[in-house]
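Student: Attaching a predicted model along with its sequence, questions to come.
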Amino acid sequence: MPDDTEEEQFEIFTEDGVSLGTAPRSRVHAEGLWHRSAQVFLFDSTGRLYLQRRVDDKDVCPGLWDQSAAEHLKPGETWTAGALRGLAEELGITGISLSPLGEPYAGRLDQPALGVHDHELQQAFTGRWDGPIRHDPGEVAEVRLVPLDELVRWVRQRPEEFTPWFLRDAVRLEVLPAV
């Protein structure tokens, strides 16, 4: 494992959003330290939602379907800047306008068997995109553009194929009806 100076650093917070400094990613997820992330629900002009499938070597929820983009924020980065960076890095999308979707939210995902305690202060965004997608195969295994009625059926039939965040946030933020 890289030492703390080489490993990605996350800004850490209290659950109420007060900054406490920085810590390496592995420590943040092992100890359940609060950190920030941005999620994007991206639609095309016909209302279909872009979904991404996480690569199989992710430490949290490998191989599962997730919202269009999700990004841990760099120290000092705003939620909007992190969301835009995530779209650029993961899907190759730039020059897009995003709108906040709901209010910042404190969400937890504990997977003790994997040694992962992911406690995030999250802000979701929505946007529209009808251009090309050039996903980064090191981050994203696959991208699908899915009509919402088809997505509701898919989630109801095979919820285990989706990340817990997607299942929680798509309903919480009214992207999907309760499923």
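Tutor: Happy to help now that I have it. Numbers count the residues shown, from 1 in each chain.
Student: Verify the stated contact: residue 139 with residue 90.
Tutor: Yes - Residue 139 is within contact range of residue 90, at 5.1 Å (criterion: Cβ atoms under 8 Å). C-betas here are computed from N, CA, C, even on glycine.
Student: For those two, indicate the residue with more neighbours.
Tutor: Set residue 139 next to residue 90 and count neighbours by other Cβ atoms under 10 Å: residue 90 wins out with 24 against 16.
Student: And the pLDDT for the more buried one?
Tutor: As predicted, residue 90 sits at a pLDDT of 97.
Student: List the residues that contact it.
Tutor: For residue 90, the contact set (Cβ atoms under 8 Å, 6 or more residues apart in numbering) comprises 52, 69, 71, 135-136, 139-140.
Student: Buried ones among those residues?
Tutor: Using 16 or more other Cβ atoms under 10 Å as the burial test, those include 52, 69, 71, 135, 139-140 as buried.
Student: Can you pick out the most distant pair from those residues?
Tutor: 71 and 135 (13.8 Å; Cβ to Cβ).
Student: So which bits of stretch 43-62 are buried?
Tutor: In stretch 43-62, counting by 16+ other Cβ under 10 Å, buried: 43, 48-54, 61.
Student: which regions of the protein lie under the pLDDT threshold?
Tutor: Along the chain, the parts satisfying pLDDT under 70 run over 1-5.
Student: what residue lies at the spatial centre of it?
Tutor: Central residue of the chain (Cα atoms, centre = their mean): residue 70, 2.5 Å from the mean position.
Student: can I assume it sits in a strand?
Tutor: Yes - counting by DSSP: H, G, I helix; E, B strand; the rest coil, residue 70 is found in a strand.
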